[in-house]
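[1] quick one, what's the 3D model for this:
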Amino acid sequence: MSRHNSLERTKSQTSSYHDPEFVPEVHLSPITSRASRRDTEAIGEGNEGLSDADTRSTRVAPEMGEKEYIEVTWDGPGDRCNPLNMKAWRKWLELANARLMVAILSFSCLCITCCSSMAAQTYPGMSKAYHISELVCVLSISCFVMGLGTGPCECQSLSVLLPAQQPLLVLDGGEEDYTRPRPIPLLTAVLLGPVSEFVGRAPVLHYGLLIFFLFNFPVAFSTTPSVHFIFRYLTGFAGSGFLSVSGGLVTDVFENAAVATPMTIWSISPFMGPILGPLIAGFINYNQPDWRWTYYVVIMWAFVCLVGLFICVPETFAPKLLERKAKRMRKETGQNYRAPMELKQETFVMALKRSIKTPFILLATQPMVLLLDLWSALLLGILYLSFGGIPYIFRHQYGFNMQECGLAFLGIGVGQLISGATQPYFNRYYARVASRSPDGKAPPETRLYMGEFGAVLAPIGLLLLGLTCFKSVHWMVPIVLSMFFGTGLVYAYNATFTYLVDAYRPAAASALASNSFMRSSFAAGFPLFGNQMYDRLGPVGATCLLAGLLFCCTPFPFVFKRIGARIRARSEFAAA
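    Sure thing, here's the model as predicted:
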């Protein structure tokens with residue numbers, strides 16, 4: 001029999017064949033053969049009368065009761081419905097479209113993340129328009145970031161470093177068969193994380209960006225601060241839905257050997273967006289007297305992205321495509337074909353409860369999760385505090401105007417680009433460690449090697465920025481030295497995210513949901529006291545204080561790299 005047809009005839013343990021004369025031809029594929037062998041062993045003794053085809057195709061289906069069904073997966077590696085198996089000429093055409101998709105997704109992610117920090121340059125105009133203090137205006141950033149934290153935010157910029165696998169077939173007892181590596185949701189936030197598991201990627205992408213686009217109208221045209229702040233929260237919430245799945249779409253359409261470059265391009269945008277936001281908004285607000293033009297630009301930007309998204313970005317989530325295939329086959333044949341997605345025992349409500357409860361259990365019971373989350377949260381909090389701190393430094397020390405203050409963020413942005421350019425070095429390091437391991441896998445603590453660099457570079461960058469921001473020192477010096485902070489920031493994030501997934505793989509999504517929740521809380525809260533801190537302590541004292549806080553976290557990756565395995569051995573959530 002052919003090994004590549006993966007239509008598997010399935011039957012409940014308690015059911016019987018209604019028509020013993022009809023036995024469809026069943027072929028085994030690489031992803032079903034293991035299941036078939038095991039099922040043959042399990043039922044062989046009590047079903048001597050069944051034919052070979054019957055025996056090989058019978059599986060337990062706890063959800064289906066008395067109903068017989070045929071499970072649908074890809075028809076082997078050569079299934080023409082699989083986006084990876086198109087004809088050569090169409091692949092070239094689709095490759096161009098795939099690159100266009102990456103560009104649209106990256107441009108859209110940049111729009112959303114820029115929107116979070118662009119508000120920092122609108123405070124003077126908002127203050128006059130709403131008759132509120134600039135301190136209250138800071139809520140515009142805080143509300144948006146809290147929306148990002150409570151929405152379905154996941155970042156798959158690290159899928160290249162840590163390819164996980166998503167099963168198309170789950171065997172009895174929890175054993176899993178796999179097809180190709182799939183992305184793990186790296187920043188699954190607390191409330192809506194399970195959505196894309198049930199509806200696919202395209203609806204979350206399309207409607208998430210559509211709602212983001214529509215909700216920016218009340219932000220731009222509101223006449224009261226309460227409406228402005230409420231819809232800033234809602235735009236962040238909607239934007240997080242887009243960020244949650246866009247990286248996964250990149251890995252859907254590129255094979256593992258070709259995914260590194262497009263994923264690197266995509267992964268730059270969530271990091272660069274908050275840095276480019278003050279730069280873009282600085283030019284807008286310096287040359288336009290109306291602060292609302294900042295949000296007019298965001299609306300126009302989001303509209304362009306939305307048109308490209310609806311035209312060029314279809315559904316690419318394999319389980320959802322298999323569900324469509326099963327529906328089509330049921331309609332064409334009248335037989336009860338079922339996709340793995342339709343056989344899931346977990347409902348949306350169950351998944352939602354799990355996604356809400358488990359992250360907080362991890363924070364309360366796993367000290368390693370708590371401390372690493374605290375470290376990354378402190379970094380993001382300082383980054384968002386810098387949207388007020390860096391303009392304060394360069395405005396008071398060097399007399400920069402609004403658009404020049406935006407340019408002062410280029411140092412951090414260049415540092416982030418450097419971190420991306422040096423990523424292959426850490427990939428090779430991980431591969432070397434894995435090659436020396438008997439099982440071909442490096443221990444999770446290997447991921448913290450990059451974090452050791454970040455733990456040193458980030459506080460050093462802030463300290464040098466604070467010690468050189470004097471009027472007697474050229475303004476270029478602190479900008480250049482801030483590159484170390486940008487590089488260390490990305491190193492620390494990447495190390496934390498990949499380690500949490502590797503070390504707590506059974507609860508990876510929840511571990512990173514806890515990280516997302518804590519980071520968003522810090523990022524929303526830190527800007528609220530930034531200006532007062534700089535007023536009271538001055539540019540040097542305030543910046544050095546922040547550097548000191550980061551130095552307190554420097555030992556974390558060094559310590560956990562050495563004792564992390566012992567801590568994991570005592571944890572019920574950690575991987576063995």
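[2] quick one: stretch 275-288 to chain centroid distance?
    27 Å (Cα atoms, centre = their mean, to the nearest Å).
[3] residues making contact with that stretch?
    By Cβ atoms under 8 Å, 6 or more residues apart in numbering, the list of residues contacting stretch 275-288 from outside reads 110, 113-122, 124-125, 291, 293-294, 297, 387, 390-391, 401-407, 409-410, 412-413, 416, 486. Using the backbone N, CA and C atoms, a C-beta is placed for each residue, glycine as well.
[4] try 6 Å
    Here stretch 275-288 makes contact (Cβ atoms under 6 Å, 6 or more residues apart in numbering) with 114, 117-118, 120-121, 291, 293-294, 387, 402-403, 405-406, 409, 412-413.
[5] swap in stretch 565-576?
    Residues contacting stretch 565-576 (Cβ under 6 Å, 6+ apart): Met368, Ala503, Tyr504, Arg505, Ala507.
[6] inside helices: which ones of the residues you listed?
    Met368, Ala503 (DSSP state H).
[7] could I get the contacts of stretch 565-576 as TSV with pLDDT?
    Shown next, in TSV, are the contacts of stretch 565-576 (pLDDT from 0 to 100):
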residue	pLDDT
Met368	93
Ala503	88
Tyr504	87
Arg505	80
Ala507	79
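[8] who wins for neighbours among the contacts of stretch 565-576?
    Ala503 (28 neighbours; other Cβ atoms under 10 Å).
[9] ok so, going back, looking at the contacts of stretch 565-576, spot the one nearest Ile382.
    For these, the minimum distance to Ile382 (Cβ to Cβ) is 21.8 Å, reached by Met368.
[10] burial check on the residue nearest to the closest one when sequence neighbours are not counted, number of neighbours?
    Residue nearest to Met368 in three dimensions, not counting chain neighbours: Ile567, with 5.3 Å by Cβ to Cβ, 6 or more residues apart in numbering. By the measure other Cβ under 10 Å, the count of residues near Ile567 is 16.
[11] Ile567: which element?
    For Ile567, the element it lies in under DSSP states H and E is helix 555-569.
[12] can you pull the buried residues of that helix?
    Phe556, Pro557, Phe560, Lys561, Gly564, Ile567, Arg568 (16 or more other Cβ atoms under 10 Å).
[13] next one: the second one, what pLDDT does it get?
    Right, Pro557. If you check Pro557, the pLDDT there is 95.
[14] that one against Met450, yeah?
    No. Pro557 is beyond contact range of Met450, at 8.3 Å (criterion: Cβ atoms under 6 Å).
[15] from Arg338, how far off is Lys327?
    Computed as Cβ to Cβ, to the nearest Å, the Lys327 to Arg338 distance reads 10 Å.
[16] hang on, I meant Ala364
    Ala364 is 39 Å from Arg338, by Cβ to Cβ.
[17] now do Ile361
    33 Å.
[18] out of those two, which sits in the more crowded spot?
    Arg338 (24 against 14).
[19] low pLDDT regions in the stretch 1-150 of the chain?
    Applying pLDDT under 70 to the stretch 1-150 of the chain flags the ranges 1-95.
[20] what is the helix or strand harbouring Tyr233 packed up against?
    Assigned by DSSP H and E, Tyr233 falls within helix 225-253. The contact analysis (3 or more Cβ pairs under 6 Å, 6 or more residues apart in numbering; DSSP states H and E) places helix 225-253 against helix 88-118, helix 139-150, helix 201-221, helix 260-287.
[21] show residues contacting the third one.
    If I follow you right, that is helix 201-221. Residues contacting helix 201-221 (Cβ under 6 Å, 6+ apart): 195-196, 227-228, 231-232, 234-235, 238-239, 241-242, 245, 249, 292, 295-296, 298-299, 302, 306, 309, 315, 317.
[22] neighbours of the nearest residue to Val253 once chain neighbours are set aside, just the number please.
    Of all residues not flanking Val253 in the chain, Ala98 sits nearest, at 4.6 Å (Cβ to Cβ, 6+ apart). Residues near Ala98, counting by other Cβ under 10 Å, number 21.
[23] ok, now how distant is Ala98 from Val313?
    Applying Cβ to Cβ to Ala98 and Val313 gives a distance of 10 Å.
[24] please apply the same query to Phe551.
    Counting by Cβ to Cβ, the gap from Phe551 to Val313 is 44 Å.
[25] ok, Ala119 next?
    For Ala119, the distance to Val313 (Cβ to Cβ) stands at 28 Å.
[26] please report how far the residue nearest to Leu234 when sequence neighbours are not counted lies from Ala302.
    Distance criterion Cβ to Cβ, 6+ apart; nearest residue to Leu234, sequence neighbours excluded, is Phe215 at 4.9 Å. Plainly put, Phe215 is 10 Å away from Ala302 if you go by Cβ to Cβ.
[27] who touches Thr543 in this structure?
    Thr543 touches Leu462, Leu465, Gly466, counting by Cβ under 6 Å, 6+ apart.
[28] mind listing what's buried in the helix or strand encompassing Ala542?
    Counting by DSSP H and E, the element that carries Ala542 is helix 527-553. Residues of helix 527-553 classed as buried: 527-528, 530-531, 533-534, 538-540, 542-544, 546-547, 550-551, 553 (neighbour count, 16+ other Cβ under 10 Å).
[29] ok, Cys143 to Gly239 distance?
    Applying Cβ to Cβ to Cys143 and Gly239 gives a distance of 12 Å.
[30] who's more crowded, the two?
    Neighbour tally, Cys143 and Gly239, criterion other Cβ under 10 Å: the higher count belongs to Gly239, 30 against 22.
[31] hmm, back to that, can you redo the contacts of stretch 565-576 as CSV with distance to Ala421?
    Formatted as CSV, those follow (distance: Cβ to Cβ, whole Å):
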residue, distance to Ala421
Met368, 30
Ala503, 27
Tyr504, 29
Arg505, 29
Ala507, 33
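[32] farthest pair within the contacts of stretch 565-576?
    It's Met368 and Arg505 that sit farthest apart of those, by Cβ to Cβ, at 14.0 Å.
[33] what's the domain layout of this protein?
    As recorded under automatic domain parsing, the domains making up the chain are 8-85+319-343, 89-316, 347-576.
[34] looking at those domains, which one has the lowest mean pLDDT?
    Looking at the domains of the chain, the bottom one is domain 8-85+319-343 with a mean of 51.
[35] around the residue lying closest to Trp475 once chain neighbours are set aside, how many other residues sit close by?
    In space, and not counting its chain neighbours, Trp475 is closest to Tyr398: 4.6 Å by Cβ to Cβ, 6+ apart. Look at Tyr398: counted by other Cβ under 10 Å, it has 17 neighbours.
[36] what does Leu371 give?
    The burial count for Leu371: 14, using other Cβ under 10 Å.
[37] list of residues touching stretch 123-138?
    For stretch 123-138, with Cβ under 6 Å, 6+ apart as the criterion, the contacting residues are Pro225, Trp291, Pro527, Leu528.
[38] make a markdown table from those and add distance to Ile211 to it.
    Formatted as a markdown table, these follow (distance: Cβ to Cβ, whole Å):
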| residue | distance to Ile211 |
| --- | --- |
| Pro225 | 22 |
| Trp291 | 23 |
| Pro527 | 24 |
| Leu528 | 26 |
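[39] ok, which pair from those residues is furthest apart?
    Farthest apart among these by Cβ to Cβ are Trp291 and Leu528. That separation is 19.8 Å.
[40] pick out whichever of Phe215 and Ala302 has more residues nearby.
    Counted by other Cβ under 10 Å, Phe215 and Ala302 do not tie: Ala302 has more neighbours, with 25 against 21.
[41] who touches that one in this structure?
    By Cβ under 6 Å, 6+ apart, the neighbours of Ala302 are Cys111, Phe213.
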